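Trainee: The amino acid sequence is not available; the structure is as follows:
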């Protein structure tokens, strides 16, 4: 019996340790990874072409603000010293990972979303639509992109032919007060660049319930040209214009 007792104690000790080893180790909160990519906006790099997305494409945008959205005679708007870079950095299946950042030296306006943050999301072409999608890292954020805002909206890549529209100052015409519409513009000019054909997608459907309105102007062979959002209460807007190389 004297020999058996120590053996039982030793066996119990091994059993307890075996149980401890089978449990998952305690979870450690690792520090967040730092973004080591520089946010550069040098011209001469192929812009983000919607119909031919590719890693390495990069587009540059300048921030603007405007007023009097509902007044067709008020067309003035102002540019600000803020430059946004939209860059395709990776491909995952049919999806392309996009990185958005504000360049060093910018003086972010109060209306610039997530001024100090680098944002990531996906773009893909599916059934002739460009589809922006949130990345798993920002599913909880209301605004996941400064260019696509809160919307994961499919943008038609075929030439829209439903109605002709124009750029008037920072706004589109005809005016839209609270619904979704699509249109096109032939031989439009913006910031000294002529575009043979532009698609317009105006999604103001949320303005009917006091939500913001959104507009995207783009060319399938030139990517996003202009985007902006509108406050339904004040008529003030803010957005981004493509910087030509």
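Mentor: Received it, and whenever you're ready, just let me know what you need. Small disclaimer: the values here were computed from a predicted structure and weren't measured.

Trainee: Show me the beta-bridge partners of residue 193.
Mentor: Here residue 193 sits in beta bridges with residue 190, going by DSSP bridges.

Trainee: pretty sure it contacts residue 243?
Mentor: No. Residue 193 is beyond contact range of residue 243, at 9.6 Å (criterion: C-beta atoms under 8 Å). Bear in mind the C-beta positions are built from the backbone N, C-alpha and C, glycine included.

Trainee: Next one: residue 52 from residue 198, what distance?
Mentor: Taking C-beta to C-beta, to the nearest Å as the measure, residue 52 falls 18 Å from residue 198.

Trainee: Now do the SS call for residue 61.
Mentor: Three-state assignment for residue 61 (DSSP: H, G, I helix; E, B strand; the rest coil): strand.

Trainee: Identify the residue nearest it in space, chain neighbours excluded?
Mentor: What sits nearest to residue 61 in space, not counting adjacent residues and going by C-beta to C-beta, 6 or more residues apart in numbering, is residue 240, at 3.8 Å.

Trainee: ok, now residue 49?
Mentor: Leaving aside its sequence neighbours, residue 49 sits nearest to residue 223 (C-beta to C-beta, 6+ apart; 5.6 Å).

Trainee: which residues does the one you found contact?
Mentor: By C-beta atoms under 8 Å, 6 or more residues apart in numbering, the contact set of residue 223 is 47-50, 59, 242.

Trainee: before we move on, what about residue 239?
Mentor: Per C-beta under 8 Å, 6+ apart, neighbours of residue 239: 63-64, 170, 215, 226-229.

Trainee: so who does residue 168 touch?
Mentor: 72, 75.

Trainee: repeat that for 6 Å
Mentor: Shown in contact with residue 168 (C-beta atoms under 6 Å, 6 or more residues apart in numbering): residue 75.

Trainee: And the closest residue to residue 159 other than its chain neighbours, how far from residue 180?
Mentor: Counting by C-beta to C-beta, 6+ apart, residue 159 lies nearest to residue 197, which is 5.8 Å off, once chain neighbours are set aside. Counting by C-beta to C-beta, the gap from residue 197 to residue 180 is 21 Å.
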